[in-house]
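[1] Quick one, fold the following:
(one chain, ligands or ions: 1)
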Amino acid sequence: MSQNESGISEVTVEVPMNIALVKYWGKRDEKLILPLNDSISLTVDKLTARTTIRMIQGVGKHTVEINDEKVELSSNKRYQTVFDEALRLQRKRKEDSNGNENRSVSHHFEVISTTNFPVAAGLASSAAGFAAIALAIQQLLNLDDIQANRLARIGSGSACRSMSGGLVHWKKGEKDDGSDCVAVKTKDDNWTDLYCVILVFNDGRKKVGSSEGMRWTRETSTLLKHRIEKVVPERIDLIKKAYATRNFEDLARVIMADSNQFHAVCLDTIPPIRYLNESSWQLIETVEKFNQPEIKAAYTFDAGPNACVIVQKKDVSKFINALIRDIQINTDDLETLPEEFRSIEYQKDDR
Ligand code: DP6
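    This is a model prediction of the structure:
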């Protein structure tokens, strides 16, 4: 962190995105963004939002720029909520240490963020983006982890799972003020040879945003109630156990089942929400075929048609070959393919 003479403090952080293995869908409190169910995610280390925040003394408008484009804050109210909360915490800290002194000094924020993955592809970019803002503000204002977690969460629920790395469990909590609603890294060492192949199938159709979709589902779906009460708690335990014992087959089975149930819950909503498209279904079929006779890949889809496929390092090349063979994918399209796999010669007929 640096501060210059004109009262500008600046911090730069780099924060990864996360992909939910057991999905968050439905809020018990829309303002505080408190979820109806626990969720658990894997941190995708290579896909990051690099963010610089400047906290500037004096009256002025907050500004946010993502990948060189200005964000219209009047239609993105979540940023304002996060900045308001940050400034409230800052005032509180000053009052606690100085009595009423300095209470009137105002500040505003300037955020410049660059992601190394396409924001428009709907790849949980808001999660990495808000987590980066929260982490940077934590450093600027010397906040504790719970305050930072809350700051990320009120930006976007899933963002609070990008604050710590590895396998992260976001607990829904019970309290109305959200003080027990936190995301925590599980104690297990990171499973470092898990890779995430991301396929962008965005067909440009207008999709239902997460917040709106969650609200409709909560109001109309009967399957959601069953999912929250009976299914999710068991799946969180299964994921933790499979991850701790490095049991890929068990892990993959739960990941795919939960993605499928999340989309079933969306279809059980009135009006029904359809996020998957033809390409998504083709990918599911490819994975099903690739997983005979042994499960080596797990697909998962969020609120859109793009796929995230989790594979162990030893199977990445075989899986890419299956993609080339079955869905005529071009390896140049695989944004997330690490260097080491880009240099491999892939063949259409390699089985
Ligand atoms: C399907 O975190 O984007 O990706 O809290 O309203 O900002 P808000 O929603 P958001 O929802 C993510 C939903 C999901 C599943 C998940 O990431 O757990």
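
[2] for the residue of the chain found nearest the ligand, what are its contacts?
    Nearest residue of the chain to the ligand: G157, at 2.8 Å (Cβ to the nearest ligand atom). Backbone N, C-alpha and C define where each C-beta goes, glycine included. By Cβ atoms under 8 Å, 6 or more residues apart in numbering, the residues touching G157 are Y24, K27, I33, P35, W170.

[3] Is the closest residue to L73 other than its chain neighbours within a helix or a strand, and which one?
    Leaving aside its chain neighbours, L73 sits nearest to Y79 (5.4 Å; criterion: Cβ to Cβ, 6 or more residues apart in numbering). Using DSSP states H and E, Y79 maps to helix 77-98.

[4] and if you look at E249?
    helix 248-267.

[5] After that helix, heading C-terminal, what element do we hit next?
    Once helix 248-267 ends, the next helix or strand along the chain (criterion: DSSP H and E) is helix 278-290.

[6] from the chain's centre, how far out does that following helix sit?
    Put simply, helix 278-290 sits 23 Å off its chain's centre (Cα atoms, centre = their mean, to the nearest Å).

[7] Mind giving me the packing neighbours of that helix?
    On a contact count with 3 or more Cβ pairs under 8 Å, 6 or more residues apart in numbering; DSSP states H and E, helix 278-290 meets strand 297-301, strand 307-312, helix 316-327.

[8] Format the ones you listed as a markdown table; extra columns: mean pLDDT.
    Shown next, in a markdown table, are the helices and strands packed on helix 278-290 (pLDDT from 0 to 100):
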| stretch | mean pLDDT |
| --- | --- |
| strand 297-301 | 97 |
| strand 307-312 | 95 |
| helix 316-327 | 90 |
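
[9] Tabulate the ones you listed in TSV, adding columns for mean neighbour count and distance to V231.
    Converted to TSV, these look like this (neighbours: other Cβ atoms under 10 Å; distance: least, Cβ to Cβ, whole Å):
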stretch	mean neighbour count	distance to V231
strand 297-301	24	15
strand 307-312	22	20
helix 316-327	18	28
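
[10] would CSV of these with distance to the ligand be doable?
    Output for the helices and strands packed on helix 278-290, formatted as CSV (distance: least, Cβ to the nearest ligand atom, whole Å):
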stretch, distance to the ligand
strand 297-301, 8
strand 307-312, 10
helix 316-327, 23
